[in-house]
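Participant: Need coordinates for the following:
(2 chains)
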Amino acid sequence: EPEVTQTPSHQVTQMGQEVILRCVPISNHLYFYWYRQILGQKVEFLVSFYNNEISEKSEIFDDQFSVERPDGSNFTLKIRSTKLEDSAMYFCASNGLAGGPNIQYFGAGTRLSVL
Amino acid sequence: QKEVEQNSGPLSVPEGAIASLNCTYSDRVSQSFFWYRQYSGKSPELIMSIYSNGDKEDGRFTAQLNKASQYVSLLIRDSQPSDSATYLCAVNSNRDDKIIFGKGTRLHILP
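Facilitator: This is a model prediction of the structure:
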């Protein structure tokens, strides 16, 4: 069964450093998303991406964050200068075919630890 | 502000019984409704989606939607210890829109 793949599974970084979280969405999916979940809290939307541009972003997704689809398969989330409060699980999701229901499939996540 | 509300639990249910999980949402134009299961330290796993009023059954799971009351529920029949997890209610308004999650209800199935 196709799945969303995320790497790395765990990223440890120093405050102020840049990190790039990587995702390979399900092949032929058109919509891509990043969510985050701080330990013990709910899953929060960060950004959605369609047709090679951001379609929506939350207030969490400030200038420190950026997304990119550098080729036909990868979808990345970059945090330019990490803060302690960026420590969380980051989930990538993708959503299927045009005209179909909005069913988002989640990757296994990347645990980001900012020290 | 669109909100999805769930009782955080924990909800303890004996093995073999029916577990009933509830959720309310604030955005009246919500169109799609989902239940995700999340084991500790893992990602959300979709178990049910529902789009119209009424019941939808899939194996041991039944989702119920009442748009007039802005209420969604999930029933799990013949509960198993492996059903112990946090169940996330989620909604969205448009086909390409973000999903808004509730905080989740922790379910504990007692062997």
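
Participant: residues from chain B in reach of chain A?
Facilitator: Residues of chain B lying close to chain A (Cβ under 8 Å from any Cβ of the partner chain) are B:32, B:34, B:36, B:42-46, B:49, B:51, B:88, B:90, B:92, B:94-104. No exception for glycine: its C-beta is placed from N, CA and C like everyone else's.

Participant: Let's see that with 7 Å instead.
Facilitator: Within chain B, the positions near chain A by Cβ under 7 Å from any Cβ of the partner chain are B:32, B:43-44, B:46, B:49, B:51, B:88, B:92, B:95-99, B:101-104.

Participant: hmm, which of those residues are the buried ones?
Facilitator: Using 16 or more other Cβ atoms under 10 Å in any protein chain shown as the burial test, these include B:32, B:43-44, B:46, B:49, B:88, B:92, B:96-99, B:101-104 as buried.

Participant: returning to what we had before: sort out for me which of the residues of chain B next to chain A are in helices.
Facilitator: Counting by DSSP state H, none of the members of the residues of chain B next to chain A fall within helices.

Participant: Okay, and which of these map to strands?
Facilitator: Counting by DSSP state E, the part of the residues of chain B next to chain A found in strands is B:32, B:46, B:49, B:88, B:92, B:101.

Participant: Chain A: which of these is nearest?
Facilitator: For these, the residue nearest chain A by Cβ to the nearest Cβ is B:Phe101; the value is 4.3 Å.

Participant: mind listing what the nearest residue to that closest one once chain neighbours are set aside touches?
Facilitator: Leaving out its chain neighbours, the residue that sits closest to B:Phe101 by Cβ to Cβ, 6 or more residues apart in numbering or on different chains is A:Val43, at 4.3 Å. With contact set as Cβ atoms under 7 Å, 6 or more residues apart in numbering or on different chains, A:Val43 has these partners: A:35, A:37, A:91, B:44, B:88, B:101.

Participant: just the buried ones among the residues of chain B next to chain A: which has the poorest pLDDT?
Facilitator: On pLDDT alone, B:Asp96 ranks lowest of those, at 55.

Participant: Where does A:Val67 fall, secondary structure wise?
Facilitator: strand A:65-68 (DSSP states H and E).

Participant: If you count neighbours, what's buried in that strand?
Facilitator: Across strand A:65-68, burial judged by 16+ other Cβ under 10 Å covers A:65, A:67.
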